[in-house]
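Engineer: Mind folding the following:
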Amino acid sequence: MSYRPCCREVLVAFSCPVLVGGDVNIHVHDATDAEARRLQELLTSFDMVQHVTEPTHRQGGTLDLIMTFADFQLDEVSVDPAGITSDHSLVRCRLTADVDPAPTTQRLVRAWRRADRDSLRRALEASQLCQPVSPDAAIDELFDTYDRTMRDIADRFAPLHTLRRRADRRTPWFDADCREARRVCHRCERRYRRSRSVTDRRHWIDAARRRFQLYRQKKEAYWTSRLAE
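Structural biologist: Numbers count the residues shown, from 1 in each chain. Sure, this is the predicted structure:
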């Protein structure tokens, strides 16, 4: 790994929080490693810290790191077992971030299903629409009568109200099966993190693999169907 001064200086000049993560491929767990000492000196000089303390590779060693400035709040750093999707672990963390609310659309609708059909029929029969029409009536006058009468009846039996709807989900293929697989995987993860047993670790890995396989199948089936349509 090379350390370019321009990259370091650009990062520390940012006014926003900076989070650096990934497979750095430096054995930070080995205090005698020259690259590890050099990285630590670099982080110290820029008032940064490294948060991952567990092995992140199937053969051991902490190679996948998360680095932030010392005053940045970072909670719940966790390391999944290696071997689920690759020989490296998935390193996760929780951080505070401002997220824009999901976009919503709104429109005016009438709840016609809730309207009493018999009362609606009687109102229409008693309205001017069911009265004799003068042969001399102009078309514009008739249309105005129709429009005004229908709006009045609609406002009485099915008043307008605003319906808000979130924008379409970015993962339309994510269904009840996917949610159940996610719940099972999280349940196995919590059990393993409490017990740290080899058996619970294996159950978690198996559940995660089934979950990822199900996601892939659902996604492929959804887009194949959409393309066919």
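
Engineer: and the strand or helix carrying Leu124, what other elements does it pack with?
Structural biologist: Assigned by DSSP states H and E, Leu124 belongs to helix 117-126. With contacts defined as 3 or more Cβ pairs under 8 Å, 6 or more residues apart in numbering; DSSP states H and E, helix 117-126 has these neighbours: helix 139-157. C-beta coordinates here come from the backbone N, C-alpha and C atoms, glycine included.

Engineer: Could I get the full set of strands for this structure?
Structural biologist: 19-23, 48-50, 64-69, 74-79, 91-95, 104-110, 160-166 (DSSP state E).

Engineer: what about these, which gets the closest to Tyr192?
Structural biologist: strand 74-79 (10.8 Å; Cβ to Cβ).

Engineer: which parts of that closest one are buried?
Structural biologist: Buried positions in strand 74-79, judged by neighbour count with 16 or more other Cβ atoms under 10 Å: Leu74, Val79.

Engineer: neighbouring strands for it, and are they parallel or not?
Structural biologist: strand 91-95 (antiparallel) (DSSP bridges).

Engineer: Show me which positions of the partner strand end up buried.
Structural biologist: Quick answer for strand 91-95 (16+ other Cβ under 10 Å): Val91, Cys93.

Engineer: Contacts for it, please.
Structural biologist: 17, 19, 21, 51-52, 56, 64-66, 72-80 (Cβ atoms under 8 Å, 6 or more residues apart in numbering).

Engineer: Would you mind getting the angle between that strand and strand 64-69?
Structural biologist: Put simply, strand 91-95 runs at 20 degrees to strand 64-69, going by axes from the mean of the first three to the mean of the last three Cα atoms, to 10 degrees.

Engineer: With respect to burial, which of the strands of the chain scores highest?
Structural biologist: Neighbour counts (mean count of other Cβ atoms under 10 Å) averaged over each of those peak at strand 64-69, with a mean of 20.

Engineer: Can you lay out the strands of the chain as CSV showing distance to Arg117?
Structural biologist: Shown next, in CSV, are the strands of the chain (distance: least, Cβ to Cβ, whole Å):
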stretch, distance to Arg117
strand 19-23, 60
strand 48-50, 69
strand 64-69, 62
strand 74-79, 56
strand 91-95, 53
strand 104-110, 14
strand 160-166, 19
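
Engineer: Quick one: closest of the ones you listed to Met150.
Structural biologist: The nearest among the strands of the chain, by Cβ to Cβ, is strand 104-110 at 11.4 Å.

Engineer: Is there a neighbour count for the nearest residue to Met150 once chain neighbours are set aside? I'd like the number.
Structural biologist: Computed as Cβ to Cβ, 6 or more residues apart in numbering, the closest residue to Met150 that is not its neighbour in sequence is Leu129, at 7.7 Å. When neighbours are defined as other Cβ atoms under 10 Å, Leu129 has 14 of them.

Engineer: looking at this structure, which helix or strand is least sure?
Structural biologist: Least confident helix or strand of the chain, by mean pLDDT, DSSP states H and E, is helix 5-13 with a mean of 58.

Engineer: Against Thr105, how distant is Asp136?
Structural biologist: For Asp136, the distance to Thr105 equals 46 Å [Cβ to Cβ, to the nearest Å].

Engineer: any idea how far the nearest residue to Glu76 once chain neighbours are set aside is from Ile66?
Structural biologist: Nearest residue to Glu76, sequence neighbours excluded (Cβ to Cβ, 6+ apart): Arg94, at 4.2 Å. Look at Arg94 and Ile66: by Cβ to Cβ, they are 11 Å apart.
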